[in-house]
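>>> Could you look at this predicted model? Sequence included:
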2 protein chains.
Amino acid sequence: MKHKIVTISRQFGSGGRTIGKAVAEKLGIPCYDQELIAMLAEESGFSKEYVKESGEHASRSSWLSSLLSDRVYDTPITEDILWEAQRKIILELAEKGPCVIVGRCADFILQDRDDRLSAYIHADKELRAKRIVEVYGEREDSPEKRVADKDKARAAFYKQYTRRDWGDAENYHITLDSGKLGLETCINLLVELY
Amino acid sequence: MKHKIVTISRQFGSGGRTIGKAVAEKLGIPCYDQELIAMLAEESGFSKEYVKESGEHASRSSWLSSLLSDRVYDTPITEDILWEAQRKIILELAEKGPCVIVGRCADFILQDRDDRLSAYIHADKELRAKRIVEVYGEREDSPEKRVADKDKARAAFYKQYTRRDWGDAENYHITLDSGKLGLETCINLLVELY
């Protein structure tokens, strides 16, 4: 199996984005992360701020609508428009050539491609809380709460669109505890696997 | 971090045991798998057959008893005696020196040791069903059902004693899809990490 695409899902503060960028650099292939936001904004017509925020929460209305089988209301809601744009862009990027894609349910969207290595990066909550203050410069009163809120939001968004549990080992080819193993080891393992 | 102990949790038919044995061999350290059954039988006084079976299901009575806070009935039930024996033996083995331990919730029992690498091996259900027929020589009418039943039983046993979800990436330092990555790659990755 040759891995052309690497998808990286990551807990907030786990260093998944750093790992993705470093893996892409070592492999000499593009890494799509923040770039996806701009593409999505352009494709969907929504603002970058809205696009960025939308990947981090599941809306109650959309939850409700997904419960109604066969969609009683036929009006596509904002999140679904965005999801379609996201799907389209990620499928196109994967078609274009080898790359690393961070976040945005790319593991699920590209699940039918055999040439994909799907990774999930996680770490201890305390470590991540420390990291978002030190590395991201977050200034929240409670970084622990911020981490927990983000985890919850990402899991809800993932569940809403994929019907899968975020962080369930079965959804990924490899999962790594970046806190225990260290970022460098995670990067090297993924490059090696590719 | 130096890894002295490797714990391997594995889905039935994923090749986790084969991986554990090969990793131990390459590292020149002992691997405890079936050996644990004999030790547990001796420690607890139960038969090997009973010990083997007990790791594969959670009993309803024990579920019930665990719901009753502070144990209304003070009589330890059979599974709990076995669990205590299991805990004791695994802690002692880890104390004795470097080793690989397959199954038996060793990842949870040894969670306070910093010198441990905890791995979870999984694979696609169809692949595992095929493997148990080809490699284990299982002759069930429906190997798919056998795999699903074993998964369910191991998850229930794990939940009963650890209060954690089996296969949740957060519980392990690394999880690997042996079907997608291949046994050889999994073995080499773990040896390298050690």
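Structure's in. What do you need?

>>> Those residues of chain A touching chain B, which are they?
A:1, A:120, A:122, A:167-170, A:172-177, A:180-181, A:185, A:189, A:192-193 (CB under 8 Å from any CB of the partner chain). The way it works is simple: take the backbone N, C-alpha and C, and place the C-beta from them, glycine included.

>>> lowest confidence element among the helices and strands of chain A?
helix A:60-67 (a mean of 48; mean pLDDT, DSSP states H and E).

>>> need the strands for chain A, in chain order.
A:5-10, A:31-32, A:99-102, A:116-122, A:174-177 (DSSP state E).

>>> Need these in JSON lines (columns: mean pLDDT and mean neighbour count).
Formatted as JSON lines, the strands of chain A follow (pLDDT from 0 to 100; neighbours: other CB atoms under 10 Å in any protein chain shown):
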{"stretch": "strand A:5-10", "mean pLDDT": "95", "mean neighbour count": "26"}
{"stretch": "strand A:31-32", "mean pLDDT": "94", "mean neighbour count": "20"}
{"stretch": "strand A:99-102", "mean pLDDT": "95", "mean neighbour count": "25"}
{"stretch": "strand A:116-122", "mean pLDDT": "96", "mean neighbour count": "25"}
{"stretch": "strand A:174-177", "mean pLDDT": "97", "mean neighbour count": "27"}
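
>>> Please convert these to a markdown table, extending it with distance to A:L91.
Conversion of these to a markdown table gives the following (distance: least, CB to CB, whole Å):
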| stretch | distance to A:L91 |
| --- | --- |
| strand A:5-10 | 11 |
| strand A:31-32 | 12 |
| strand A:99-102 | 11 |
| strand A:116-122 | 12 |
| strand A:174-177 | 22 |
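
>>> quick one: contacts for the most centrally placed residue in chain A?
For chain A, A:G103 is the residue whose C-alpha lies nearest the centre (CA atoms, centre = their mean; 1.5 Å). Neighbouring residues of A:G103 by CB atoms under 8 Å, 6 or more residues apart in numbering or on different chains: A:8-10, A:16-17, A:33, A:36, A:55.

>>> next one: phi and psi at it?
Main-chain dihedrals, A:G103, degrees, to the nearest 10: phi 70, psi -160.

>>> before we move on, what about A:R113?
Dihedral angles (degrees, to the nearest 10) for A:R113: phi -90, psi 130.

>>> Might one say that it is in contact with A:A94?
Yes: taking contacts as CB atoms under 8 Å, A:R113 lies within contact range of A:A94: 6.3 Å.

>>> all helices of chain A, in order?
Counting by DSSP state H, chain A has helices at residues A:16-27, A:34-44, A:48-54, A:60-67, A:78-96, A:106-109, A:125-134, A:143-162, A:178-181, A:183-193.

>>> Redo the ones you listed as JSON lines? Include mean neighbour count.
Output for the helices of chain A, formatted as JSON lines (neighbours: other CB atoms under 10 Å in any protein chain shown):
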{"stretch": "helix A:16-27", "mean neighbour count": "20"}
{"stretch": "helix A:34-44", "mean neighbour count": "17"}
{"stretch": "helix A:48-54", "mean neighbour count": "15"}
{"stretch": "helix A:60-67", "mean neighbour count": "13"}
{"stretch": "helix A:78-96", "mean neighbour count": "17"}
{"stretch": "helix A:106-109", "mean neighbour count": "24"}
{"stretch": "helix A:125-134", "mean neighbour count": "18"}
{"stretch": "helix A:143-162", "mean neighbour count": "18"}
{"stretch": "helix A:178-181", "mean neighbour count": "22"}
{"stretch": "helix A:183-193", "mean neighbour count": "18"}
